[in-house]
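In: The sequence and its predicted three-dimensional model are supplied below.
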Amino acid sequence: MNEIRKKVTQLIALNPSDDKTFEGFEERMAKQKILMDELDSLAKEKKTHIGRIIRRPFADSYAYYVVSDVKEERNEIQVRWINYCDGWQDDYFGSGGHFQLDRIKSMIMTKDEIASMYINK
């Protein structure tokens, strides 16, 4: 779990502090993509929600988020926004926050089921 939390911290740290510059944009996106793929696979393998990537359709692209913490006893999950590509934020998650665990579990389960339909063919 420490490896997953470390990678989540690394991914969030790649969010630019200044959206007005495109310096290093492509390099940052490449690093983010690698970390998102690693995190999602590792979290799925370890059967944890922490580290799972949530991709929500928005405008002409997607808004990207990472699950950064889970509080089972409060039925709560923390989701952090990833400023990836166009940097979209969707209407439900916005810039991230705390959300109902059951709702996010359902989103992740649906994502995995859809992916399995294409992988198993």
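Out: Thanks, I have it.

In: and residue 44, how many neighbours?
Out: Per other C-beta atoms under 10 Å, the neighbour tally for residue 44 reads 17. All C-beta atoms are positioned from the backbone trio N, CA, C, and that covers glycine.

In: Contact partners for it?
Out: Residue 44 makes contact with 52, 112 under the criterion C-beta atoms under 8 Å, 6 or more residues apart in numbering.

In: what about it, is that helix, strand or coil?
Out: The three-state label given to residue 44 by DSSP: H, G, I helix; E, B strand; the rest coil is helix.

In: same check, this time on the one 3 residues further on
Out: Here residue 47 takes the coil state, with states given by three-state DSSP.

In: So which other helices or strands are in contact with the longest strand anywhere in the chain?
Out: Secondary structure of the chain per DSSP state E: the longest strand is strand 61-71. For strand 61-71, the elements it packs on are helix 2-13, helix 25-45, strand 53-58, strand 76-82, helix 101-119, judged by 3 or more C-beta pairs under 8 Å, 6 or more residues apart in numbering; DSSP states H and E.

In: go again using 6 Å as the cut-off
Out: With contacts taken as 3 or more C-beta pairs under 6 Å, 6 or more residues apart in numbering; DSSP states H and E, strand 61-71 sits against helix 2-13, strand 53-58, strand 76-82.

In: which parts of that strand are buried?
Out: By 16 or more other C-beta atoms under 10 Å, the buried positions in strand 61-71 come out as 62-68, 70.

In: for stretch 31-39, same thing?
Out: Within stretch 31-39, the residues scored as buried using 16+ other C-beta under 10 Å are 32, 35-36, 38-39.

In: can you check stretch 23-33 too?
Out: 28, 32.

In: Using PDB, list the CA coordinates for that stretch.
Out: What follows is stretch 23-33 as a C-alpha-only set of coordinates in PDB (Å, rounded to 0.1, in the frame of the first residue of the first chain):
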ATOM      1  CA  GLU A  23       6.600  24.700 -20.600                       C
ATOM      2  CA  GLY A  24       7.300  21.000 -20.200                       C
ATOM      3  CA  PHE A  25       3.700  20.200 -21.100                       C
ATOM      4  CA  GLU A  26       4.300  17.100 -23.200                       C
ATOM      5  CA  GLU A  27       6.900  15.700 -20.800                       C
ATOM      6  CA  ARG A  28       4.500  16.200 -17.800                       C
ATOM      7  CA  MET A  29       1.700  14.500 -19.700                       C
ATOM      8  CA  ALA A  30       3.900  11.500 -20.500                       C
ATOM      9  CA  LYS A  31       4.900  11.200 -16.800                       C
ATOM     10  CA  GLN A  32       1.300  11.500 -15.700                       C
ATOM     11  CA  LYS A  33       0.100   8.800 -18.200                       C
END
